Structures are given as structure tokens and as C-alpha cells.
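> No letters, just coordinates:
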């Protein structure tokens with residue numbers, strides 16, 4: 001496209017009479033929709049399997065059916081938008097990545113913890129995608145996605161409450177006195193006496209412990225059924241990282257006498273039959289790893305004490321190295337679908 005033609009097109013974005021649905025998708029919208037398609041094609045495979053082997057037909061299976069229906073609906077909507085705008089629909093994940101004949105790999109309780117985790121992840125991503133969108137139909141899509149995911153999360157929480165398995169953040173005594181801090185010791189944590197943990201620091205520490213515990217169970221199941229030795233070793237490496245994070249964050253809470261109750265009934269069976277392809281499992285772990293990096297960044301900003309901040313920085317770096325190793329494994333096996341990128345003329349379609 002010539003520069004003059006491109007400038008003419010961009011007028012639509014600033015014109016008072018512009019109809020946003022008639023404009024081309026922005027880079028942010030293409031990226032958001034592409035990732036949305038991949039994510040929900042993965043969840044479609046996961047919940048088709050979970051729905052089939054779920055034993056609790058009264059409470060848990062209906063939730064899985066609802067998630068499955070929402071995932072399929074969102075995939076179709078993204079495909080419609082891409083087809084209309086002449087954007088290639090991603091390959092994503094299909095029946096080739098799913099083995100519905102596989103026996104149960106996780107406990108029923110873990111299915112609930114997993115659903116809660118995926119609802120939280122979906123809300124975070126969809127809110128970000130909404131903020132990145134400017135075209136009316138894309139805004140509408142993400143607004144509806146947020147609303148339905150919020151309602152679904154409420155249902156999952158209610159079921160977990162009814163079964164007495166909803167993890168709750170620690171309760172702490174709160175002073176009834178207001179105070180202004182003027183001492184720099186409020187920030188320190190490496191040398192000398194440490195100040196007590198802030199409620200916000202506690203909430204982030206416990207959240208990251210819980211997320212890593214749920215992720216650890218997933219990694220354990222995946223390591224148990226992975227066909228490739230490299231994939232199995234990668235999963236085992238992730239378990240070690242999760243164990244390290246759980247131990248270090250728990251020790252910080254323990255210093256202030258803060259309990260860290262974790263789900264005891266979220267487990268793995270003895271099955272060694274893979275319900276998913278190694279490709280899907282690798283991508284899933286990458287998805288959770290990226291989510292973890294984002295969570296550590298938010299937690300870092302919410303934690304003024306230097307020793308806590310340093311741990312978040314360390315684990316962000318570790319997660320980055322772990323993610324790179326996973327990406328290389330996916331590339332070696334031809335599992336890495338290339339995301340949308342800048343058009344480079346005769347370089348388009350080139351294999352990197």
C-alpha cells in the first residue's frame with residue numbers, strides 16, 4: 001500500500017463521521033483476537049475431555065458444558081470477524097490434539113480449581129483486550145465475554161462454597177489506629193528488623209502460592225502422560241520452579257505467623273494415557289507461564305518491601321527463561337504457530 005493511500009485510510013480513525021465497524025482491524029485488535037481464538041480452541045479441547053469424564057453430574061458437569069459452549073461460541077465469532085476482514089484464521093487446536101478415550105487424569109475437585117483459575121485468567125485477558133479495542137464490534141465482543149465470564153465465575157465460586165473447597169486468603173488482625181509512616185525502614189527488608197507485612201503484600205503472596213499450586217498439579221499430570229521425553233522433562237522442570245516459589249513465598253508469610261492453607265484434594269490419578277497432544281500441553285503451560293509473569297509484575301508493584309520485590313524480580317526472570325526453553329521445544333517439533341506480524345513484502349510466508 002502506498003503511503004498516500006495508507007494516510008487516506010487512517011483518516012477514518014479520527015474523522016468525526018467515522019463508523020468504527022467499517023474501519024480495518026488495528027494491530028492490537030488483530031493480536032487480541034488471534035490470541036483469543038487460540039486460547040478458546042485450547043479450552044474447547046480441555047473441556048470436551050473434562051465434560052466426558054466428570055463424575056459430578058449435578059454441579060460440576062453443567063459448568064463444564066457452559067464453559068464449552070462459551071468457548072465454541074467465541075471461536076466462531078472470531079472466525080467470522082477474521083473472514084470478513086480477510087485475516088487468516090489461526091489453526092489453533094482441533095480434535096487431533098484431543099483423546100476423548102483417555103481415562104480420568106485429574107480429580108473432580110481439581111476440575112473446579114482449574115475452572116476458577118481459567119475464569120480469572122479469562123477476565124484479566126478480556127479486560128485488557130477490551131481496553132486495546134476501538135472498533136465497535138470488537139468492543140461489543142469483549143464486553144459480552146467479560147459479562148459471561150463474570151457470571152460463570154460466580155457460579156463456579158458458589159459450587160466451591162457449597163462443597164467447602166473454596167480457598168480463602170488469610171485473615172489477619174487489623175489495627176484500629178490510623179498512622180503516617182515516615183521511616184525508610186518501611187521499605188527495607190534485607191537488613192535489620194523487617195516491618196510486618198501489609199495486607200496487600202499478603203494477598204499477592206498467597207495468590208501466587210495458590211496459582212503455583214494449581215499449576216503444579218497440572219504440570220504433574222502432563223509430565224505423567226507426555227509422550228516426548230523432552231516435554232516430560234520440561235514439565236518436571238516447571239514443577240521444581242513452582243515448588244521453589246511456593247516454598248519461598250510461604251516462608252515470608254510464616255515469618256509473620258500467616259497460615260497458607262492449600263487445596264489438599266486437587267490431585268492427579270495414576271493414569272499414563274494422554275488426553276491431549278504434547279503440542280497442546282506445551283502451549284497450555286506457556287499460557288500459564290506468561291500469566292504468571294504478568295501476575296509477578298502486578299505483585300511487584302504492590303509490594304514496597306525490598307526483599308519481597310527482589311523475589312518477584314527473580315521469579316519473573318526464571319519464568320522468562322523457562323518460557324524461552326518451552327518455545328524452543330515447540331519450534332523444534334513444528335508446534336509453534338506464528339502470530340500476526342508486520343508485512344515485509346517478499347519476506348511474507350518465509351519460514352524462520
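Nice, thanks for sending it over. This is a predicted model, so every value here is computed, not measured. Numbers count the residues shown, from 1 in each chain.

> what's the helix or strand for residue 115?
Using DSSP states H and E, the secondary-structure element containing residue 115 is helix 108-132.

> For that helix, enumerate the helices and strands it packs against.
Contact analysis of helix 108-132 by 3 or more C-beta pairs under 8 Å, 6 or more residues apart in numbering; DSSP states H and E lists helix 27-53, helix 60-84, helix 136-162, helix 199-225, helix 278-301 as its packing neighbours. All C-beta spots, glycine's among them, are computed from the backbone N, C-alpha and C.

> Next, the angle helix 27-53 makes with it.
160 degrees (axes from the mean of the first three to the mean of the last three C-alpha atoms, to 10 degrees).

> how far out from the middle of the chain is helix 108-132?
7 Å (C-alpha atoms, centre = their mean, to the nearest Å).

> just stretch 205-214 next, same as before
Between the mean C-alpha location of stretch 205-214 and the chain-wide mean there is a distance of 13 Å, by C-alpha atoms, centre = their mean.

> what does the average pLDDT come to for that stretch?
Along stretch 205-214, the predicted confidence averages to a pLDDT of 94.

> Can you list the buried residues in that stretch?
Within stretch 205-214, the residues that count as buried by 16 or more other C-beta atoms under 10 Å are 205-214.

> Show me which of those residues is closest to residue 116.
Checking those against residue 116 with C-beta to C-beta, the nearest one is residue 214 at 8.4 Å.

> For residue 325, give me its contacts.
234, 237 (C-beta atoms under 8 Å, 6 or more residues apart in numbering).

> Could I get the buried residue list for the helix holding residue 115?
With burial defined by 16+ other C-beta under 10 Å, the residues of helix 108-132 counted as buried are 108-123, 125-126, 129-130.

> That helix relative to helix 60-84, how many degrees between them?
With the same axes, to 10 degrees as the basis, helix 108-132 and helix 60-84 are set at 30 degrees to each other.

> What's the mean pLDDT across helix 108-132?
Average pLDDT, helix 108-132: 94.

> so what's the backbone phi/psi at the closest residue to residue 45 other than its chain neighbours?
The shortest distance from residue 45 to any residue other than its chain neighbours is 4.5 Å, reached at residue 98 (C-beta to C-beta, 6 or more residues apart in numbering). Its backbone dihedrals place residue 98 at phi -130, psi 140, with angles given as degrees, to the nearest 10.
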